[in-house]
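**Q** sequence? don't have it. structure:
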């Protein structure tokens with residue numbers, strides 16, 4: 001059975017000094033296990049991808065800026081897209097064997113990604129855009 005992309009609305013706690021954006025809890029049902037987290041900065045009109053993780057899940061959110069997240073199961077098919085930003089603050093759960101890329105829409109956007117393993121080149125396939 002092939003798993004699908006899940007979009008999960010995340011909580012923003014408003015504060016006049018600056019908002020608190022909840023990202024991840026070990027209580028979350030979609031959380032598998034912690035491997036590592038990294039931040040990815042994407043400049044406007046720049047594209048990063050295509051990327052495929054063979055066995056890892058990715059938990060992705062955009063706390064700053066705005067990106068177009070593109071994904072597909074079959075590389076030859078047309079991509080689906082989801083816009084991610086603080087305005088629609090959500091997490092995308094990307095299952096293994098899903099091709100994905102990011103396109104910056106804002107001047108600079110910041111994406112956070114947690115994977116359930118330690119990154120290695122043998123587990124990941126990358127095709128430059």
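**A** Cool, got the structure. What you see is a predicted model; the values in this text were computed from it and never measured.
**Q** separation between the residue of the chain most remote from its centre and residue 10?
**A** What lies farthest from the middle of the chain is residue 16; by CA atoms, centre = their mean that is 27.6 Å. Relative to residue 10, residue 16 is positioned 20 Å away (CB to CB, to the nearest Å). Where you see a C-beta, it was placed from the backbone N, CA and C, and this is true even at glycine.
**Q** so which residues of the chain form strands?
**A** Ranges of strands in the chain, per DSSP state E, are 6-9, 12-13, 20-21, 36-43, 47-53, 58-64, 66-72, 80-85, 90-94, 99-104, 108-115, 124-126.
**Q** in its sheet, what does the third one sit against?
**A** So that's strand 20-21. Strand 20-21 pairs in its sheet with strand 12-13 (antiparallel), by DSSP bridges.
**Q** spit out the contact partners of residue 8.
**A** 30, 90, 91, 92, 93 (CB atoms under 8 Å, 6 or more residues apart in numbering).
**Q** typed the wrong thing, it's residue 15
**A** Taking CB under 8 Å, 6+ apart as the test, residue 15 contacts no residue whatsoever.
**Q** ok, now residue 9?
**A** Residue 9 neighbours (CB under 8 Å, 6+ apart): 89, 90.
**Q** and if we set it to 7 Å?
**A** residue 90 (CB atoms under 7 Å, 6 or more residues apart in numbering).
**Q** from residue 22, how far off is it?
**A** 10 Å.
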